[in-house]
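> for reference, the sequence and a predicted model appear below.
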Amino acid sequence: MIRQILALCIAALAFPAMAAPAAHLRLWRLDCGTIQVSDLNEYSDTFTYTGETKRLVGSCYLIKHGDTYMLWDTGLPEADLGLPLQGPGSTGDSLSRTIRDQLAELNVSPTSVSILGISHYHYDHTGQAASFPQAKLYIGREDIEALRKQGNDDAKPLEHWLSGAGKLEEVSKDKDIFHDGSVLMLDLPGHTPGHHGLLLKLAKTGYVLLSGDVAHFRENLEADGVPPFNYDRAKSLASLDRFKEISSNLKAVTIIQHEELDVVKLPKFPQSAE
């Protein structure tokens, strides 16, 4: 009997249980606004873009993991709906469609979204979060700590969770959302203290890497550009290096969320990547 038990133990060590296969994954790119930058040096602490302007896009992403819906970032606030990008009444921000409108086109109720992943606490990534109070919020722990210390307008879109009324998970380091390797929040601090990107593994498309704001546009990524308003320059550079190494090593479809040229890397809404 002892020999039999020992043999079973050895077999268990030699042949560990196989991990459950990842659920089917789908990914939609949602339109979450447009930002007109009148002075592109706002995104360079070395004055690289003197005299240049640029139009940035706001991007959010709907993820379906099996029967579970997750949103990654929530874009500009609904108050920006229909605002002009330039001229009288302009704030430099404009929203043409709400997330809820786009979900309706997919026949997805806002209440079906059970997970809300936020790359960082800036207004153009949290603007429509309040539309999903039932969702559990995943956001970097250091970002939550910063919001609780600041007590400023950055906290307002996430007040439901900061107050304890909503479910909140403060993410430290990397986070495997579904515990199967299919959706991974990546620790990329520097832009904000708890900034994260997102790595997805789709069956047909392969790896898709979403930037958060580790970089805001293609030239910034290629030149390791750091905006002057970033929280920590050294951490920003380290995160840029990690982001690019992951992209290269996994041959990922790499998307800078504010880069207009990267929109076409995913199927046009309402089509999805799989």
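Nice, thanks for sending it over.

> which strands and helices lie in contact with the helix or strand where Ser247 lies?
Here Ser247, judged by DSSP states H and E, is contained in helix 233-250. If contacts are counted by 3 or more Cβ pairs under 8 Å, 6 or more residues apart in numbering; DSSP states H and E, helix 233-250 sits against strand 183-187, strand 196-202, strand 206-210, helix 218-222. (Each C-beta comes from the backbone N, C-alpha and C, glycine too.)

> can I get these in a markdown table including mean neighbour count, distance to Asn107 and mean pLDDT?
Shown next, in a markdown table, are those (neighbours: other Cβ atoms under 10 Å; distance: least, Cβ to Cβ, whole Å; pLDDT from 0 to 100):
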| stretch | mean neighbour count | distance to Asn107 | mean pLDDT |
| --- | --- | --- | --- |
| strand 183-187 | 22 | 22 | 98 |
| strand 196-202 | 24 | 21 | 98 |
| strand 206-210 | 20 | 23 | 98 |
| helix 218-222 | 17 | 34 | 95 |
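
> looking at the ones you listed, which is nearest to Asn152?
strand 196-202 (20.9 Å; Cβ to Cβ).

> which other helices and strands contact the closest one?
strand 25-37, strand 183-187, strand 206-210, helix 233-250.

> change it to 7 Å
If contacts are counted by 3 or more Cβ pairs under 7 Å, 6 or more residues apart in numbering; DSSP states H and E, strand 196-202 sits against strand 25-37, strand 183-187, strand 206-210.

> quick one: closest of these to Leu199.
strand 183-187 (4.5 Å).

> contact partners of stretch 255-269?
27-31, 55-57, 59, 102, 208-212, 215-218, 221, 253, 273 (Cβ atoms under 7 Å, 6 or more residues apart in numbering).

> now a PyMOL select for only the buried ones of these.
A single PyMOL command selects the buried members of the contacts of stretch 255-269 (16 or more other Cβ atoms under 10 Å):
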select buried, resi 27+28+29+30+31+56+57+59+102+208+209+210+211+212+215+216+217+221+253+273
